[in-house]
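In: need a 3D model of the following:
(one chain, ligands or ions: 1)
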Amino acid sequence: MEKRKVVFAGCGGITRAWMTAVQNFADVEVVGLCDLSASSIDAFRERWKVDPVSAGDNLERVIRESGADTVFDCTVPSAHPSVTKASLAAGCDVLGEKPMAPSLEEALEMVAAARAAGRTYAVIQNRRYLPGIRRFRQAIGETSIGPLTTLDVDFYIGAHFGGFRSEMDHVLLLDMAIHTFDQARFLSGADAEYVYASDWNPAGSWYRHGANAVAFFEMSGGVRCTYRGSWCAEGHNTSWEGQWRATGTTGTLLWDGGSGLTGEHDAGGEELIHDFAAVDVPPEVPLDYTGHAGVIRDFLDSLHTGRTPMTDCTDNVKSVAMVLAAVESAETGKRVKVWKETRT
Ligand SMILES: NC(=O)c1ccc[n+]([C@@H]2O[C@H](COP(=O)([O-])OP(=O)(O)OC[C@H]3O[C@@H](n4cnc5c(N)ncnc54)[C@H](O)[C@@H]3O)[C@@H](O)[C@H]2O)c1
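Out: Coordinates of the predicted model:
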């Protein structure tokens, strides 16, 4: 298998998840490291015993000197547009961290830049690559709950990060809800059409802005999705994948974000409340690669074979559009139309 010559742009915390996966992939050679902070580069080198051909804070130079054909964009969200566009312009395929961009305009420019360069740009949505969500999705489509009408999700985690998140506007919607909203699209097979959302910073929050949010999405095909979330809720945390209820025309599934999946469906009866029977849920099937490893493996395989990766920017921009429409709704207090691709 042809080796991809990779530059890491951004050498901070999340690269641990990337390198844990990549060090087991024979088709990846890390040839360059780029970060604005020399100490982050040094820490990366030391931790992973990597000896790059080129390293420094100038991405174009690192790509040129290292002969890279691939960039892993692990920079902070505000830097994703410039880093990704520069990488594409330098002839590289890009796999980048979520969220694509802080604005829809920038995200669409990134999609256009990938098209113009004839390169692949895909995004890490690691929560699609877990056995639990695959099983839940299969159960929604195949079990006795009937066609899906509603998805409800709770996300409550008291996360003490520090760093860039402490200062961000709309931190929960912009930095975390992209995962949950993308999961809603993945689970329902529907795209969002309208959203009403509100976010706020509750008393006691250790973030500057928007640690709590609620959102209500009207999705294609009549599906509705409600979201309640907090990044500063102490106690009784949900999983990072959220706690979900899927309601169909004849039954309900509950998923805890991990291995817990149960369901009940209407079993008939004449009473006010009908009898229920347990839904026969499918078994959990292990995946060869999970989380970051799953997305990175899919991206690399797509480059080898010429197919489109699951989390290609052309798809992921629809999840970004959900986030940014929710932010607009939170700022204006109005129901907002979610951007939709109109080109054919
Ligand atoms: N997929 C996930 O589950 C997951 C989890 C955590 C973080 N993330 C995402 O990963 C990204 C990075 O988060 P982190 O926690 O590693 O942050 P971090 O602050 O630890 O690291 C970011 C690094 O990027 C560098 N950087 C910033 N601008 C740059 C630029 N223009 N060029 C080169 N380097 C630059 C910083 O100096 C820093 O070292 C964010 O987009 C975040 O949302 C994803």
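In: surely residue 157 and residue 234 touch.
Out: No - using C-beta atoms under 8 Å, residue 157 is not in contact with residue 234; the gap is 9.6 Å. For glycine as for every other residue, the C-beta is placed from the backbone atoms N, C-alpha and C.
In: which of those two has more neighbours?
Out: residue 157 (17 against 11; other C-beta atoms under 10 Å).
In: for that one, which non-adjacent residue is closest in space?
Out: Computed as C-beta to C-beta, 6 or more residues apart in numbering, the closest residue to residue 157 that is not its neighbour in sequence is residue 237, at 4.9 Å.
In: confidence score at whichever residue of the stretch 1-150 of the chain sits closest to the ligand?
Out: Nearest residue of the stretch 1-150 of the chain to the ligand, counting by C-beta to the nearest ligand atom: residue 12, 1.9 Å away. Here, the pLDDT recorded for residue 12 equals 97.
In: ok so it is a helix residue?
Out: No - counting by DSSP: H, G, I helix; E, B strand; the rest coil, residue 12 is located in no helix; its state is coil.
In: who does the helix or strand encompassing residue 218 touch, helix- and strand-wise?
Out: Using DSSP states H and E, residue 218 sits within strand 212-219. In terms of contacts (3 or more C-beta pairs under 8 Å, 6 or more residues apart in numbering; DSSP states H and E), strand 212-219 is packed against helix 177-188, strand 192-200, strand 224-230, helix 313-332.
In: adding mean neighbour count, write these out as CSV.
Out: Output for the helices and strands packed on strand 212-219, formatted as CSV (neighbours: other C-beta atoms under 10 Å):
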stretch, mean neighbour count
helix 177-188, 25
strand 192-200, 20
strand 224-230, 20
helix 313-332, 23
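In: so which of those is nearest the ligand?
Out: helix 177-188 (6.7 Å).
In: give me the domain ranges for this protein.
Out: Using automatic domain parsing, the domain parsing of the chain gives 4-123, 127-283+323-337.
In: pick the most deeply packed of the ones you listed.
Out: Compared across these, domain 4-123 shows the largest average neighbour count, a mean of 20 (mean count of other C-beta atoms under 10 Å).
In: now do the end-to-end distance for that one.
Out: Domain 4-123 has an end-to-end distance of 17 Å (C-alpha to C-alpha, to the nearest Å).
In: please apply the same query to stretch 300-319.
Out: 22 Å.
In: so, in contact with the ligand or not, it?
Out: No - counting by C-beta under 6 Å from any ligand atom, no contacts exist between stretch 300-319 and the ligand, the nearest distance being 10.7 Å.
In: what sits up against that stretch?
Out: 1-2, 4, 25, 27-28, 70, 93, 98, 100, 104, 107-108, 110-111, 114, 120-125, 128, 178, 181-182, 185, 191-192, 295, 298-299, 340-341 (C-beta atoms under 8 Å, 6 or more residues apart in numbering).
In: which residues of the stretch 101-250 of the chain lie near the ligand?
Out: The interface of the stretch 101-250 of the chain toward the ligand, taken as C-beta under 6 Å from any ligand atom, is made up of 124, 126, 163-164, 175.
In: can you tell me which of those are in strands?
Out: Counting by DSSP state E, no part of these is found in strands.
In: using TSV, lay out the domains of the chain together with distance to residue 304.
Out: Output for the domains of the chain, formatted as TSV (distance: least, C-beta to C-beta, whole Å):
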stretch	distance to residue 304
domain 4-123	7
domain 127-283+323-337	18
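In: how about residue 309, nearest residue that isn't a chain neighbour?
Out: In space, and not counting its chain neighbours, residue 309 is closest to residue 302: 4.0 Å by C-beta to C-beta, 6+ apart.
In: I figured residue 45 hits residue 38, correct?
Out: No - Residue 45 lies out of contact with residue 38 (C-beta under 8 Å); the separation is 10.5 Å.
In: now for residue 140: which residues touch it?
Out: Taking C-beta under 8 Å, 6+ apart as the test, what residue 140 contacts is 148, 187-188, 246, 248, 253.
In: give me the mean pLDDT for the host helix or strand of it.
Out: Under DSSP H and E, the secondary-structure element containing residue 140 is helix 131-142. Averaged across helix 131-142, pLDDT comes to 97.
In: next structured bit after that helix?
Out: Counting by DSSP H and E, the next helix or strand C-terminal to helix 131-142 is strand 148-156.
In: for the residue nearest in space to the middle of the chain, phi and psi?
Out: When C-alpha atoms, centre = their mean is applied to the chain, the residue found nearest the centroid is residue 125 (3.2 Å). Main-chain torsions, residue 125, degrees, to the nearest 10: phi -130, psi 70.
In: surely it meets residue 182?
Out: Yes - in this structure residue 125 lies within contact range of residue 182 using C-beta under 8 Å: 4.9 Å.
In: average pLDDT for the helix or strand containing residue 30?
Out: Element membership of residue 30 [criterion: DSSP H and E] is strand 28-34. Mean pLDDT, strand 28-34: 98.
In: can you tell if the helix or strand that it is followed by touches the ligand?
Out: The helix or strand immediately downstream of strand 28-34 is helix 38-48, counting by DSSP H and E. Yes - with C-beta under 6 Å from any ligand atom as the criterion, the ligand is reached by helix 38-48 at residue 40.
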